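*Asks:* Next comes the sequence, and after it the predicted model I'd like to discuss.
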Amino acid sequence: MKIIFLLPTPKVHIYQGEALKIVINILFKILIQSKGEVPLEKIKSTYQFINKSGVTTVQQSTLFSIYYLANKSLTLIKYLLGLPIFRKVGDLLAHNWDGTIFYFKTRNKKKGNIIFNLNDYIDPEVFSFEYIFGNNSCLCCDNGASCIDIIEKLHQNILNKILTTFKESPPFKTITDIYIQTIKTLFFFQRYDLFLKYLEELELICSNSDDIIERDRFIVISNIIQAGDHTLMSTGVNECSEYCIRSTLGICDLLIYNVENNTNIGQSLIKNKIIINEKDFHPDTVLALQQVIFDDKSKFRFSCNIKPYQIPFKLYQFLLNTYPNNTLLKPSKTIIDHGRNRDNIVFLKQLYQNNLINDDIDNTNNEYNQLLSQLKQKLSEHRK
């Protein structure tokens, strides 16, 4: 006789099924919070397994889309968190916040306080798993959209949403900040063509504004020079000089570039008087710009707060031999006094040992008279 045991089919209550779906998505969220530490193959295979399980599917949310972007490239997250409407979200993400709606409050001249719902700016249906990572046929490869395509889509979607929401009075500062963040990121990816494209768009927006706009300076001249692209130099620095940071180092780098390449790029940025302080000083800069700084015929006036004893002595000797009458370099009573007051006896000793200080008499200028006697007197006072 054959005995058959009939076991009852287990019943899963509705609330248990919903709880299971929630747990699965929580576990998947933990997986994608890895910041790139979990291999893409595992993420894609897990995503595929969940969606084919028949129990649930991976939820679509702004939060998940942000984590997808982080796994794609941390530069995308750096781009997002540099945008004005996302800056405050960084702290929430860092603490593994489980919320699904992000809010950002700013102020508008006509409308007062404005609340941005950040879910409106990253649509999970647009920035889906498939869009970012590609189809699941290849688990080991990332055949989704490129980082550049994603940045451009993010830029356009966020910008369109803002312009649609605030037709009458768009938040101009927010819009320009979005452009600046996009431009910086495109430069990082060395997409100089797009860098210039968005820079021109930004300038058009600023030019068409009814308000008097003071341009935000965010372009680092030395970074443009290091890119080694002449078109980028001439367009980015010449035509968009109002966005360039006017630091002494940047101006010196620009002068060096012009000297080495026989060009006149960025003339509107170069002032006739350039002040070089100790923090800006570098021997290579002085050597490269020696003619511009020390030649009496130079059209630039340098206020060089760098004293001769702060220049490496071999470089000082070379410059003095090349420009013997330059008042910044020529040994004088003032140079001796400064050297002694700063306890720079080594420099004074080097001047003496190299016969650069003597007791010649200059009847035209007492500053250069009997320098050796001056040195002995100051050193004797120093011993006391």
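*Replies:* Received the coordinates, thanks. Numbers count the residues shown, from 1 in each chain.
*Asks:* Can you show me the strands along the stretch 101-250 of the chain?
*Replies:* Taking DSSP state E, counting those that start in this stretch as the test, the strands found in the stretch 101-250 of the chain are 103-108, 112-117.
*Asks:* among these, which gets the worst mean confidence?
*Replies:* Comparing mean pLDDT across the strands of the stretch 101-250 of the chain, the weakest is strand 103-108, with a mean of 52.
*Asks:* With adjacent residues omitted, what lies nearest to Phe172?
*Replies:* Distance criterion CB to CB, 6 or more residues apart in numbering; nearest residue to Phe172, sequence neighbours excluded, is Ser209 at 6.3 Å. For every residue, glycine as well, the C-beta is placed using N, CA and C.
*Asks:* My read is that that neighbour contacts Lys173, right?
*Replies:* No: contact criterion CB atoms under 8 Å: Ser209 and Lys173 do not qualify, at 10.8 Å.
*Asks:* who touches both of these two?
*Replies:* Between them, Ser209 and Lys173 share no contacting residue under CB atoms under 8 Å, 6 or more residues apart in numbering.
*Asks:* Show me what stretch 128-146 is in contact with.
*Replies:* Identification of contacts with stretch 128-146 by CB under 8 Å, 6+ apart yields 40-41, 43-45, 47-48, 58, 60, 64-65, 68-69, 72, 150, 153.
*Asks:* Kindly report the same for stretch 309-316.
*Replies:* 278, 281, 283, 286-287, 308, 319, 329, 335, 338-339, 342, 344, 347-348, 350.
*Asks:* which of the residues in that stretch are buried?
*Replies:* Tyr309, Gln310, Ile311, Tyr316 (16 or more other CB atoms under 10 Å).
*Asks:* now the end-to-end length of that stretch.
*Replies:* 8 Å (CA to CA, to the nearest Å).
*Asks:* so how far is it from its chain's centroid?
*Replies:* Computed by CA atoms, centre = their mean, to the nearest Å, the separation of stretch 309-316 from the middle of its chain amounts to 33 Å.
*Asks:* quick one: Ile171 from Arg246, how far?
*Replies:* Heads up, residue 171 is Pro, not Ile. Pro171 sits 27 Å away from Arg246, going by CB to CB, to the nearest Å.
*Asks:* Comparing the two, which residue is more hemmed in?
*Replies:* Pro171 (22 against 14; other CB atoms under 10 Å).
*Asks:* nearest to Ile293, of the contacts of stretch 309-316?
*Replies:* Proximity of those to Ile293 (CB to CB) peaks at Val286, which lies at 6.7 Å.
*Asks:* State the number of residues packed around the closest one.
*Replies:* Val286: 21 surrounding residues under other CB under 10 Å.
*Asks:* now Lys72
*Replies:* By other CB under 10 Å, the residues close to Lys72 number 20.
*Asks:* what separates the closest residue to it other than its chain neighbours from Ser146, distance-wise?
*Replies:* Nearest residue to Lys72 in three dimensions, chain neighbours excluded: Ile132, at 5.4 Å (CB to CB, 6+ apart). Distance of Ile132 to Ser146, computed by CB to CB: 10 Å.
*Asks:* more neighbours, the two?
*Replies:* Taking other CB under 10 Å, Ile132 and Ser146 do not tie; Ile132 has more neighbours (19 against 12).
*Asks:* Kindly give the local confidence score, pLDDT, for Gln33.
*Replies:* For Gln33, the pLDDT comes out at 89.
*Asks:* Return the residues in contact with Ile151.
*Replies:* The contact partners of Ile151, by CB under 8 Å, 6+ apart, come to Leu76, Tyr79, Thr182, Thr185, Leu186, Phe189.
*Asks:* what is the mean pLDDT for stretch 242-251?
*Replies:* Mean pLDDT, stretch 242-251: 82.
*Asks:* May I have it exported as CSV, CA atoms only?
*Replies:* Extracted C-alpha coordinates of stretch 242-251, given in CSV (Å, rounded to 0.1, in the frame of the first residue of the first chain):
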residue,chain,number,x,y,z
GLU,A,242,36.1,87.9,-17.6
TYR,A,243,35.8,84.3,-16.2
CYS,A,244,39.6,84.0,-15.6
ILE,A,245,41.0,84.2,-12.0
ARG,A,246,43.5,87.0,-12.1
SER,A,247,46.2,85.6,-9.7
THR,A,248,49.8,86.7,-10.0
LEU,A,249,50.9,83.1,-10.7
GLY,A,250,48.3,82.8,-13.5
ILE,A,251,49.4,86.1,-15.0
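*Asks:* ok, which stretches of the stretch 251-384 of the chain are strands?
*Replies:* Per DSSP E, counting those that start in this stretch, the stretch 251-384 of the chain carries strands over the ranges 273-276, 301-304.
*Asks:* among those strands, where is the model least confident on average?
*Replies:* strand 301-304 has the lowest average pLDDT among the strands of the stretch 251-384 of the chain, namely a mean of 64.
*Asks:* residue boundaries of the helices in the stretch 1-150 of the chain?
*Replies:* 14-32, 40-52, 62-72, 74-82, 89-94, 129-133, 147-165 (DSSP state H, counting those that start in this stretch).
*Asks:* Thank you kindly, that will do.
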